[in-house]
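J.: Got a predicted structure here, sequence first:
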Amino acid sequence: MYALATLANKNALHDLNVFLFTLQLWNDSSPNLYIYCDSFVERYLLERKPYKGKLFIKNALDAYTNYNRIQMESMKGKEFNTLFGDFVCEKMNLLNWVFTEGEKEILFCDADICFLGTLPNITTDKKMILSKHEIREKDEIQYGIYNAGFIYMNDKTIPDVWKEYSKKSKFFEQISLEDLTDIYSFDVFPVQNNYGWWRLLQGKESEAILKTKWSIKRETNCSGISVEGKPLLSIHTHWKTNDNATKYFNTFVKGYLQKLCSVEKTNILFNYLKN
């Protein structure tokens with residue numbers, strides 16, 4: 001089984017709680033979980049112990065405590081042009097740490113991943129599995145083909161190479177993923193993983209058409225929401241946000257979850273999110 005890795009500072013604690021709650025709701029076994037965090041999140045994790053499996057914590061994000069993305073984008077960085085550039089590339093430092101700890105395979109997830117089913121079953125002879133944005137071409141040019149919030153890798157050389165390419169990237173650590181595809185063999189996750197608001201509102205097809213691909217299909221160990229006929233396993237969203245696109249997407253997802261409250265675990269999730 002691969003290890004999981006994520007990072008969170010004080011501002012991401014709400015997201016991290018959803019991540020941990022939903023990860024354990026749908027999965028009977030708990031993979032090794034590695035978290036890069038600041039002192040605030042470290043204290044929370046040590047006091048509350050919200051994860052049943054083996055949890056490895058590294059306090060490495062105090063430089064970003066109390067700053068949100070907008071603030072960090074306006075501040076000068078140490079390795080990159082902005083502090084936000086430094087922050088997102090802590091992903092590579094995190095991944096290096098996990099490999100150093102002896103893990104052979106890692107699934108990195110941003111802390112704002114919300115699981116709606118079991119972890120993906122990964123069997124591959126590729127070095128990476130990436131997650132496509134699935135957005136229209138003009139937006140791909142600006143933000144990249146792939147999303148940097150959901151990545152599998154099994155080659156310990158990837159993080160350092162990724163960081164070097166990110167120093168020249170047009171959009172932080174995201175567009176540089178395309179450079180990695182020229183070096184490493186890769187596959188892509190099915191659309192049922194890491195589904196973000198952008199797939200629905202910036203998709204290659206219209207919102208109306210994309211919504212027709214969502215349906216209800218009750219299966220074991222998933223919420224009952226299906227996309228393209230298969231269980232939706234994870235979404236990428238902030239449940240606590242002022243962003244209109246994200247709030248719209250959340251309302252859309254909650255509408256499906258509410259229809260599925262006869263499913264025990266879905267009802268638990270719906271009430272958790274509601275409260």
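T.: On my side now, so go ahead. Numbering: from 1, shown residues only.
J.: Could you list the buried residues of stretch 91-98?
T.: K91, M92, N93, L94, L95, W97, V98 (16 or more other Cβ atoms under 10 Å). (Each C-beta comes from the backbone N, C-alpha and C, glycine too.)
J.: Let me know the closest of the residues you listed to F249.
T.: When those are ranked by distance to F249 (Cβ to Cβ), K91 comes first, at 23.4 Å.
J.: And that closest one, how far from A208?
T.: Per Cβ to Cβ, to the nearest Å, K91 is found 35 Å from A208.
J.: Y248 too?
T.: On the measure of Cβ to Cβ, Y248 and A208 end up 14 Å apart.
J.: Helices of the stretch 101-250 of the chain, start to end?
T.: Taking DSSP state H, counting those that start in this stretch, the helices of the stretch 101-250 of the chain run over residues 137-143, 158-166, 176-180, 197-201, 207-211, 244-259.
J.: want to throw these into a markdown table with distance to R48?
T.: Shown next, in a markdown table, are these (distance: least, Cβ to Cβ, whole Å):
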| stretch | distance to R48 |
| --- | --- |
| helix 137-143 | 35 |
| helix 158-166 | 29 |
| helix 176-180 | 34 |
| helix 197-201 | 29 |
| helix 207-211 | 38 |
| helix 244-259 | 25 |
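J.: where are the low-confidence patches of this structure?
T.: Regions of the chain meeting the criterion pLDDT under 70 are absent.
J.: which residues in it form strands?
T.: 3-8, 33-37, 55-59, 106-109, 113-115, 128-132, 146-153, 186-188, 195-196, 214-216, 225-227, 230-231, 234-236 (DSSP state E).
J.: Identify the residues contacting K247.
T.: T241 (Cβ atoms under 8 Å, 6 or more residues apart in numbering).
J.: Equivalent analysis for T237, please.
T.: T237 is in contact with D112, C114, G196, W197, T246, F249, N250, V253, counting by Cβ under 8 Å, 6+ apart.
J.: Quickly note the distance from it to D38.
T.: Applying Cβ to Cβ, the value for T237 to D38 is 22 Å.
J.: same deal with E140?
T.: From E140 over to D38 (counting by Cβ to Cβ), the distance is 33 Å.
J.: cool, and K167?
T.: Applying Cβ to Cβ, the value for K167 to D38 is 24 Å.
J.: Out of these two, name the residue with the larger neighbour count.
T.: D38 (22 against 13; other Cβ atoms under 10 Å).
J.: I'd like the distance between the more buried one and W97.
T.: Distance from D38 to W97, by Cβ to Cβ: 15 Å.
J.: same question, K265
T.: Remark: distance between K265 and W97 (Cβ to Cβ) = 32 Å.
J.: same question, Y36
T.: For Y36, the distance to W97 (Cβ to Cβ) stands at 8 Å.
J.: again, but for M1
T.: Distance, M1 to W97, by Cβ to Cβ: 19 Å.
J.: Then L20?
T.: From L20 to W97 the distance is 19 Å (Cβ to Cβ).
J.: right, and F80 touches K168 too?
T.: No. Taking contacts as Cβ atoms under 8 Å, F80 lies outside contact range of K168: 10.6 Å.
J.: and these two? which has more neighbours close in?
T.: Comparing F80 with K168 by neighbour count (other Cβ under 10 Å), the higher total belongs to F80, at 19 against 9.
J.: Could you report the neighbour count for the nearest residue to the more buried one once chain neighbours are set aside?
T.: Nearest residue to F80, sequence neighbours excluded (Cβ to Cβ, 6 or more residues apart in numbering): D86, at 5.2 Å. By the criterion of other Cβ under 10 Å, D86 has 18 neighbours.
J.: go on, K138?
T.: Residues lying near K138 (other Cβ under 10 Å) number 9.
J.: F171 now?
T.: Neighbour count of F171, defined by other Cβ under 10 Å: 13.
J.: Residues contacting stretch 86-94, please?
T.: Contacts for stretch 86-94 (Cβ under 8 Å, 6+ apart): 5, 7, 34, 36, 58, 60-61, 63-64, 72, 77-80, 108, 148, 159-160, 162-163, 166, 172-173.
J.: Stretch 217-224 now?
T.: Contacts to stretch 217-224, defined as Cβ under 8 Å, 6+ apart, come from residues 26-27, 116-118, 216, 225-226, 229, 231-233, 256-257, 260, 263, 265-266, 269.
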